[in-house]
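S.K.: Quick one, structure for this:
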Amino acid sequence: MIYDVRTYTCRPGTMNKQLAMYAEHGYHVQCRHLGVPVIYATGEVGDANSYVHIWAYDSMADREQRRKAMWSDPEWLEMIKLADDAGYLISQKNAVYTQVPFSPEPNRG
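M.R.: Numbering: from 1, shown residues only. Take a look at the predicted model:
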């Protein structure tokens with residue numbers, strides 16, 4: 001199992017707008033291709049303008065295949081255009097982690 005950890009930072013005062021836009025236009029598209037995320041969360045302490053989502057995959061090949069399908073979906077491309085036009089995001093950080101043997105399997109919906 002691998003985990004794709006994606007952290008986004010929004011311009012101050014825009015995170016709720018970004019999350020509302022994603023909830024309406026993006027979440028269902030990503031779930032259709034990637035499955036249900038392990039977590040989608042905002043911070044309580046630290047950077048108040050950031051949120052994180054974590055996706056679980058069987059392998060890097062599984063991740064690549066699912067993300068390729070998502071990026072071929074016109075509905076996802078429309079979400080990306082909406083996000084670009086809104087300009088709420090100022091940075092993105094991605095990391096992929098490998099699950100250790102004693103870690104429990106996530107509930108993937």
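S.K.: Quick check: bridge partners of Tyr40?
M.R.: Legend: beta-bridge partners of Tyr40 under DSSP bridges are His53.
S.K.: how many neighbours does it have?
M.R.: 17 (other CB atoms under 10 Å). Heads up, the C-betas are built off the backbone N, CA and C, glycines and all.
S.K.: list the contacts for it?
M.R.: Contact partners of Tyr40, counting by CB atoms under 8 Å, 6 or more residues apart in numbering, are Tyr27, Tyr51, Val52, His53.
S.K.: Please identify the helix or strand for Glu24.
M.R.: helix 15-25 (DSSP states H and E).
S.K.: How about residues contacting that helix?
M.R.: Contact with helix 15-25 is made by 8, 10, 42, 48-51, 75, 78-79, 82-83, 86, 88-89, as judged by CB under 8 Å, 6+ apart.
S.K.: Now do the helices in this protein.
M.R.: Ranges of helices in the chain, per DSSP state H, are 15-25, 27-34, 60-70, 74-86.
S.K.: Mind putting these into JSON lines with mean neighbour count?
M.R.: Supplementary listing: the helices of the chain in JSON lines, determined by neighbours: other CB atoms under 10 Å:
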{"stretch": "helix 15-25", "mean neighbour count": "15"}
{"stretch": "helix 27-34", "mean neighbour count": "16"}
{"stretch": "helix 60-70", "mean neighbour count": "14"}
{"stretch": "helix 74-86", "mean neighbour count": "13"}
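S.K.: for those helices, which one sits closest to Phe102?
M.R.: Comparing those against Phe102 with CB to CB, the closest turns out to be helix 60-70 (21.4 Å).
S.K.: For Gly43, see how far away Met70 is.
M.R.: Distance, Met70 to Gly43, by CB to CB, to the nearest Å: 25 Å.
S.K.: And Ala69, by the same measure?
M.R.: The gap separating Ala69 from Gly43 is 30 Å, by CB to CB.
S.K.: Among the contacts of helix 15-25, give me the pair with the biggest separation.
M.R.: Ala48 and Glu75 (30.3 Å).
S.K.: quick one on the thing from earlier: what about burial for the contacts of Tyr40, which qualify?
M.R.: Tyr27, Tyr51, His53 (16 or more other CB atoms under 10 Å).
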